[in-house]
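Participant: Structural data only, the sequence is not supplied:
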Ligand code: GLA
């Protein structure tokens, strides 16, 4: 068991496959998690975001079957009582992929990908799959998008077709929207699909154009899991989305992306005050993305810090998706970082992770400050991950 814990996701996916199915996998695929550096909840408002894929992966080991069944082993989940071996098992007929009502959440992502890929005319034959990963679950790092992208690539490798990375991302978003019950935007899937090692991604969520922005070499991407669990499906995510739609309607635009200064100063006063604050966050956080891209390219740590702090305050005061312990954690990290970078909550909100962009030389000091100064409401210490911007999803073998 302890040996298992140290093994890589690839090794665990393969070992799990061999143990459960008594054969070797034919193909292997992987997809990374992501953190968003700035531009939060802007994706479904057709604005800008700036994520990077990180070096935490979901790996899928796969082989053909002769029938029309998809059989799945989720190595990281507990086996059901009385079930065979380690890990959770799921099984469905390809024609029943759309039938998710009785399925556990994790299996819905697999079924959703099968359903959407078939809907779009891609052949999906019977398959045996084993999934393992090292993406922290429920921490807001898009473990679900990385699962969707890894599954998509496994089917593409097994069935002999390929999809452009943007198309694969859109398939994942649709799987999540229709079959997993979350009205997420396309940020997570695009990040996992299009990641570039050593780069952040300046993402136009309307045109879906993505511009890789080199990250300064001596900057660490620190991801601090607050251990406050967030569940997007159950959270206020969908409410925020409705409020943004109401704001766009009230301002007479297709999406908040289209609001310029003139329109804002003319019409913002007519919006309901809560809706106005939601819109203000979106419009300005979207604009901060270009600013952060410039600051990263110039290696201007003070400007990076300024933008990240403003973004956090905007999420706290206008979009109201932070919680007090997360605000305290971000402030504590920012205190150590000073003018040499920044810290802010990342992701959908109400918990999850605080990220920092800071010189590598400060990593230990930040770690110590977090260990000393932070506990979640239920008394847990935060987990600090030092991450690197990584490449997007693909086939490993
Ligand atoms: C979640 C969603 C994304 C995006 C972020 C907030 O991660 O899945 O589409 O809206 O929240 O930026």
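Facilitator: Cool, the structure landed. No experiment lies behind these values; they were computed from the predicted model shown.
Participant: what comes up buried for stretch 281-291?
Facilitator: 281, 282, 283, 285, 286, 288, 289, 291 (16 or more other Cβ atoms under 10 Å). C-beta coordinates here come from the backbone N, C-alpha and C atoms, glycine included.
Participant: Where does the residue in the stretch 251-397 of the chain that the ligand sits nearest to sit, in terms of helix or strand?
Facilitator: In the stretch 251-397 of the chain, the residue that lies nearest the ligand is residue 348 (3.5 Å; Cβ to the nearest ligand atom). Using DSSP states H and E, residue 348 sits within no helix or strand.
Participant: So it sits against residue 236, correct?
Facilitator: No: the criterion here is Cβ atoms under 8 Å, and residue 348 misses it with residue 236 at 9.1 Å.
Participant: Stretch 171-179 near the ligand at all?
Facilitator: No: using Cβ under 6 Å from any ligand atom, stretch 171-179 stays clear of the ligand, coming no nearer than 7.4 Å.
Participant: okay, the buried residues of stretch 281-291 in TSV with pLDDT next?
Facilitator: Formatted as TSV, the buried residues of stretch 281-291 follow (pLDDT from 0 to 100):
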residue	pLDDT
281	98
282	98
283	98
285	98
286	98
288	98
289	98
291	98
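Participant: For stretch 150-163, buried residues please.
Facilitator: Quick answer for stretch 150-163 (16+ other Cβ under 10 Å): 150, 151, 152, 153, 154, 155, 156, 157, 158, 159, 163.
Participant: Pull the distance from that stretch to the chain's centre.
Facilitator: Counting by Cα atoms, centre = their mean, to the nearest Å, stretch 150-163 is centred 21 Å from the centre of its parent chain.
Participant: Next, the residues that contact that stretch from outside, please.
Facilitator: Stretch 150-163 has contacts (Cβ atoms under 8 Å, 6 or more residues apart in numbering) with 26-31, 57-60, 62-64, 109-110, 113-114, 117, 122-125, 127, 129, 131, 133, 168, 171-172, 393-395.
Participant: Buried only: go through these for me.
Facilitator: Buried members of the contacts of stretch 150-163, scored by 16+ other Cβ under 10 Å, are 26-31, 57-60, 62-63, 109-110, 113-114, 117, 122, 124, 127, 129, 131, 133, 168, 171-172, 393-395.
Participant: that older thread, give me the subset of the buried residues of stretch 150-163 that lies in helices.
Facilitator: Among the buried residues of stretch 150-163, DSSP state H puts 150, 151, 152, 153, 154, 155, 156, 157, 158, 159 in helices.
Participant: Need the residues you listed in CSV (columns: pLDDT and distance to the ligand).
Facilitator: As requested, those are exported to CSV (pLDDT from 0 to 100; distance: Cβ to the nearest ligand atom, whole Å):
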residue, pLDDT, distance to the ligand
150, 98, 17
151, 98, 17
152, 98, 16
153, 98, 20
154, 98, 22
155, 98, 22
156, 98, 23
157, 98, 26
158, 98, 27
159, 98, 27
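Participant: Please, where are all the helices along the stretch 201-350 of the chain?
Facilitator: Assigned by DSSP state H, counting those that start in this stretch, the stretch 201-350 of the chain shows helices spanning 237-251, 261-267, 273-298, 301-317, 324-337.
Participant: right, and the ones you listed - which one's nearest residue 50?
Facilitator: helix 273-298 (4.6 Å; Cβ to Cβ).
Participant: chain center to the closest one: distance?
Facilitator: 19 Å.
Participant: Which strands or helices does that helix pack on?
Facilitator: The contact analysis (3 or more Cβ pairs under 8 Å, 6 or more residues apart in numbering; DSSP states H and E) places helix 273-298 against strand 27-38, strand 48-64, strand 199-204, strand 210-214, helix 237-251, helix 301-317.
Participant: How far does the first one sit from its chain's centre?
Facilitator: Distance of strand 27-38 from its chain centroid, counting by Cα atoms, centre = their mean, is 8 Å.
Participant: start at 187 instead
Facilitator: Understood, numbering begins at 187; the last thing we discussed is strand 213-224.
Participant: neighbouring strands for it, and are they parallel or not?
Facilitator: strand 234-250 (antiparallel), strand 580-581 (antiparallel) (DSSP bridges).
Participant: Now do the longest one against strand 396-400, angle only.
Facilitator: The reference is to strand 234-250. Interaxial angle of strand 234-250 relative to strand 396-400 (axes from the mean of the first three to the mean of the last three Cα atoms, to 10 degrees): 100 degrees.
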